[in-house]
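>>> Just a sequence and a predicted model for now, questions to come.
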Amino acid sequence: MDRLSFDMTRCMADERGHGGLSPKMLATFAPRLTGALRAVYDAAGTGMRGWIDLPRQDPRPFLDYRNENAGRYDCLLVIGIGGSALGITALASALLPFYYNELSPEERGTRPRLYVLDNVDPDETTDLLNRLDLERTLVNVISKSGTTGESMAGYLVVKERLEAAVGAAAVKDHLVFTTDPAGGALRRIGTTLGVPMFDLPAAVGGRFSVLTAVGLLPAALTAMDVQGLLAGASDMADWIAGTEGWENPACAFAGVQFLEDTALGRFVSVMMPYSARLRDVADWYRQLWAESLGKAEDRQGRVVNTGPLPVKGLGVTDQHSQLQLYMEGPDDKILTFLGVGEFATEVIVPAPGPEAEELAYLGGHTLAELMAAEQRSTAWALAQEGRPSLTITVPRVDAFSVGALLYLLEMATAVAGELYDVDAYNQPGVELSKQATYALMGRPGFEALAGEIS
Ligand code: PA5
């Protein structure tokens, strides 16, 4: 299988003296990258680093569940938030046909339509539930902690609707939970009601969980290539384990982002896929990078208030929305382009008639050529303004490449955690807001906090 490629040429200082990385900087920094990667591996098996070994798991439980339930459900509704939703959303955009939910039952075969509810907007929830044929719907409630208020509220709302639609005794046949093996309300509810449950391994946190049941169960149910995803992630794991320093893709990604931020003042990390299929990978990355690296304290407990700001974009769409700012606004951004070597389909722009002669330059080109030209021209134009970019190109958007890309970004995040010297696996800021919500919603035990919230 072809591997993705990584190009950091446009991060290098150019002859016009624009601020960029110099060969000397790279050489000086290489041992730190090697040390950071070693530290990630040395700590494997401890803390929340269970994600490192996920590529080599056996996906059979997910495939068996899918086979046992084939044809039974017309809709799969995922309820989750943050790391419990963004991974499957990224997989669905990348690997299911566009407008998948609009395919006819014949076109979908035994695959259910897929909806992800990751908000508590009452209008969205109402309109979605009104659309679903609940008698033919499977609801996958996903929560690592099994307590997150938003997801639990979603579960309660949906459960009541299910009871009305199928009767209380049959509700469990329409539910499947993905949660921590031991703790949390969801685990207890599942046990009490007899709901089938999949473990989200204790040593894997939400934003690193896409290659657990969190991503792989809905992926299997909608017949994505789960084995291909794991094969791609495994191949990337081998690549990362077998290289060092700037040759190592995870180290190179983390190193560029870290140096651009800390040495060159470019703290905004824009991820801009030139592929609509990869649009939600940028969204997933945004959470991974932000929650892992945005920390008040370093690992020695010193206040650092550190962390780059991840931003998502989409080529070519955001060339007509954000690019002006990237070119001429503050020089505080490093762009990552996600390019695609080969699209699945070819669309040739027809030659225009005599009434549109000025469009003749487009005629005969493919849309893929136009996409590639826009990506190249944008990187070039940014470079003229001294604005750095790096490019990751996947040969094509398939399960293998997506698995590799997701694992690469997870490992890059772990390496970046070492470079920033922060705990990449906690999220105290998120926890505080969760607790404040409990307090405002009247959860027993949080009364004192409720009094503090103005
Ligand atoms: O990465 C994380 O840990 C968070 O973003 C969680 O995924 C998010 O808060 C949802 O938590 P849970 O899966 O426990 O419901």
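Thanks, I have the structure now. Residues are numbered from 1 along each chain as shown.
>>> From here on, just use CA atoms for contacts and neighbour counts.
OK.
>>> For Phe208, which non-adjacent residue is spatially closest?
Trp51 (6.2 Å; C-alpha to C-alpha, 6 or more residues apart in numbering).
>>> Now the one you found. Its backbone dihedrals?
Per-residue torsions, Trp51: phi -60, psi -20 (degrees, to the nearest 10).
>>> Which parts of the protein belong to which domain?
What automatic domain parsing lists as the domains of the chain is 5-42+229-428, 52-224.
>>> need the contact list for the residue of the chain positioned farthest from its centre.
Centroid-distance maximum for the chain: Pro354 at 46.3 Å, with C-alpha atoms, centre = their mean. Shown in contact with Pro354 (C-alpha atoms under 8 Å, 6 or more residues apart in numbering): no residues.
>>> ok, it to the ligand distance?
55 Å (C-alpha to the nearest ligand atom, to the nearest Å).
>>> Which helix or which strand is home to Phe6?
strand 5-7 (DSSP states H and E).
>>> Backbone torsions only: list them for Gly353.
phi -80, psi 180.
>>> What is the neighbour count of it?
11 (other C-alpha atoms under 10 Å).
>>> send the alpha carbons of stretch 428-436 over as PDB?
Provided in PDB are the C-alpha atoms of stretch 428-436 (Å, rounded to 0.1, in the frame of the first residue of the first chain):
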ATOM      1  CA  PRO A 428      -8.900  19.900  33.700                       C
ATOM      2  CA  GLY A 429     -10.500  22.900  31.900                       C
ATOM      3  CA  VAL A 430     -13.200  20.700  30.400                       C
ATOM      4  CA  GLU A 431     -13.700  18.900  33.700                       C
ATOM      5  CA  LEU A 432     -14.300  22.200  35.400                       C
ATOM      6  CA  SER A 433     -16.900  23.300  33.000                       C
ATOM      7  CA  LYS A 434     -18.600  19.900  33.200                       C
ATOM      8  CA  GLN A 435     -18.800  20.300  37.000                       C
ATOM      9  CA  ALA A 436     -20.100  23.800  36.800                       C
END
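>>> Are it and the ligand in contact anywhere?
No - for stretch 428-436, no contact with the ligand is found by C-alpha under 6 Å from any ligand atom; the gap never falls below 6.6 Å.
>>> which parts of that stretch are buried?
435-436 (16 or more other C-alpha atoms under 10 Å).
>>> List the contacts of it.
Residues contacting stretch 428-436 (C-alpha under 8 Å, 6+ apart): 148-149, 446, 449-450, 453.
>>> And stretch 114-130, by the same measure?
Residues contacting stretch 114-130 (C-alpha under 8 Å, 6+ apart): 75-82, 85, 89, 101, 150-151, 153-154, 158, 222.
>>> now swap in stretch 398-416 and tell me
Contact partners of stretch 398-416, identified using C-alpha under 8 Å, 6+ apart, comprise 3-4, 33, 36-37, 40, 52, 91, 94-95, 208, 224-226, 228-237, 249-251, 253-255, 258, 281, 285, 288-289, 292-293, 394-395, 424.
>>> Of these, which belong to strands?
Counted as lying in strands by DSSP state E, out of those, are Val394.
>>> which among the contacts of stretch 398-416 are in contact with the ligand?
Counting by C-alpha under 6 Å from any ligand atom, no member of the contacts of stretch 398-416 reaches the ligand.
>>> Please list only the buried members of the contacts of stretch 398-416.
The buried subset of those - by 16+ other C-alpha under 10 Å - is 3-4, 33, 36-37, 40, 52, 91, 94-95, 208, 224-226, 228-237, 249-251, 253-255, 258, 281, 285, 288-289, 292-293, 394-395, 424.
>>> Which of the residues you listed fall within helices?
33, 36-37, 40, 91, 94-95, 226, 228-237, 249-251, 253-255, 258, 281, 285, 288-289, 292-293 (DSSP state H).
>>> Can you tell me how far the most centrally placed residue in the chain is from Ala92?
Closest to where the C-alpha atoms of the chain average out (C-alpha atoms, centre = their mean) is Trp284, at 2.3 Å. According to C-alpha to C-alpha, to the nearest Å, Trp284 stands 12 Å off from Ala92.
>>> about what we covered before: now render the domains of the chain as JSON lines, adding mean pLDDT.
Output for the domains of the chain, formatted as JSON lines (pLDDT from 0 to 100):
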{"stretch": "domain 5-42+229-428", "mean pLDDT": "96"}
{"stretch": "domain 52-224", "mean pLDDT": "97"}
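>>> And those: which comes nearest Gly442?
domain 52-224 (11.5 Å; C-alpha to C-alpha).
>>> in the stretch 51-200 of the chain, which spans are strands?
75-79, 113-117, 137-143, 175-179, 197-199 (DSSP state E, counting those that start in this stretch).
>>> Mind putting those strands into JSON lines with mean neighbour count and distance to the ligand?
Shown next, in JSON lines, are these (neighbours: other C-alpha atoms under 10 Å; distance: least, C-alpha to the nearest ligand atom, whole Å):
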{"stretch": "strand 75-79", "mean neighbour count": "24", "distance to the ligand": "9"}
{"stretch": "strand 113-117", "mean neighbour count": "20", "distance to the ligand": "12"}
{"stretch": "strand 137-143", "mean neighbour count": "26", "distance to the ligand": "3"}
{"stretch": "strand 175-179", "mean neighbour count": "25", "distance to the ligand": "8"}
{"stretch": "strand 197-199", "mean neighbour count": "20", "distance to the ligand": "12"}
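>>> In CSV, list those strands along with distance to Leu382.
Putting those into CSV (distance: least, C-alpha to C-alpha, whole Å) gives the following:
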stretch, distance to Leu382
strand 75-79, 39
strand 113-117, 36
strand 137-143, 41
strand 175-179, 44
strand 197-199, 45
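>>> Now Pro201, what are its backbone angles?
According to degrees, to the nearest 10, Pro201 has phi -50, psi 140.
>>> what's the closest of the domains of the chain to Leu440?
Proximity to Leu440 (C-alpha to C-alpha) singles out domain 52-224 among the domains of the chain, at 11.3 Å.
>>> What is the neighbour count of Ala170?
Counted with other C-alpha under 10 Å, Ala170 comes out at 13.
>>> For the stretch 351-454 of the chain, just list every one of the helices.
Ranges of helices within the stretch 351-454 of the chain are 367-384, 399-420, 428-440, 447-452, based on DSSP state H, counting those that start in this stretch.
>>> Please name whichever of these is nearest to Gln300.
Using C-alpha to C-alpha, the helices of the stretch 351-454 of the chain put helix 399-420 closest to Gln300, at 11.6 Å.
>>> Enumerate the residues of the stretch 201-350 of the chain near the ligand.
Neighbours of the ligand within the stretch 201-350 of the chain, by C-alpha under 6 Å from any ligand atom: 205-207.
>>> From those, list just the buried residues.
205-207.
>>> out of the residues you listed, who's nearest Ile142?
Out of those, the member with the shortest distance to Ile142 (by C-alpha to C-alpha) is Gly206, at 9.7 Å.
>>> For the residue lying closest to Gly307 once chain neighbours are set aside, which residues are in contact?
Nearest non-adjacent residue to Gly307, counting by C-alpha to C-alpha, 6+ apart: Gly294, 4.1 Å away. Listed by C-alpha under 8 Å, 6+ apart, the contact partners of Gly294 are 305-308.
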